[in-house]
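Peer 1: Need a 3D model of the following:
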Amino acid sequence: MEQSKREACGLSDKKGARMPPKKLSPGQKAPTSGQYRPIGGGGREITAVKGNRLPPTQPGESGYKLVDPTKHK
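Peer 2: Purely as a prediction, here's the structure:
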């Protein structure tokens with residue numbers, strides 16, 4: 001995965017060090033296509049396409065984090 005995509009996913013910084021996943025709010029545009037998991041609840045993972053808005057969360061969930069970026073060439 002190229003460096004800028006890794007940074008957008010919250011996987012590493014410019015030096016390759018691991019960074020905590022970035023929290024994304026409902027309604028925010030997905031920075032990367034992939035699977036997103038709700039934070040703070042037992043909700044199901046959702047599939048989001050880069051540039052599309054993330055859906056509303058269930059009560060008790062505060063946002064999303066990217067757990068599996070799409071792998072394509």
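Peer 1: What's the mean pLDDT across the strand or helix carrying Tyr36?
Peer 2: Using DSSP states H and E, Tyr36 maps to strand 34-39. Regarding strand 34-39, the rounded mean pLDDT is 94.
Peer 1: Ok, stretch 55-67 next?
Peer 2: 91.
Peer 1: hey, where'd the strands end up in this structure?
Peer 2: 34-39, 46-48, 63-69 (DSSP state E).
Peer 1: Using CSV, write out every CA atom in the last one.
Peer 2: So the one you mean is strand 63-69. Extracted as CSV, the C-alpha positions of strand 63-69 are listed here (Å, rounded to 0.1, in the frame of the first residue of the first chain):
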residue,chain,number,x,y,z
GLY,A,63,-18.4,6.8,14.8
TYR,A,64,-16.4,4.4,12.6
LYS,A,65,-12.8,3.2,12.2
LEU,A,66,-11.3,1.5,9.2
VAL,A,67,-10.5,-2.1,9.9
ASP,A,68,-9.9,-3.6,6.4
PRO,A,69,-8.9,-1.3,3.5
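Peer 1: which helices and strands does that strand pack with?
Peer 2: helix 3-9, strand 34-39 (3 or more CB pairs under 8 Å, 6 or more residues apart in numbering; DSSP states H and E). Any C-beta I mention is one placed from the backbone N, CA and C, and that applies to glycine too.
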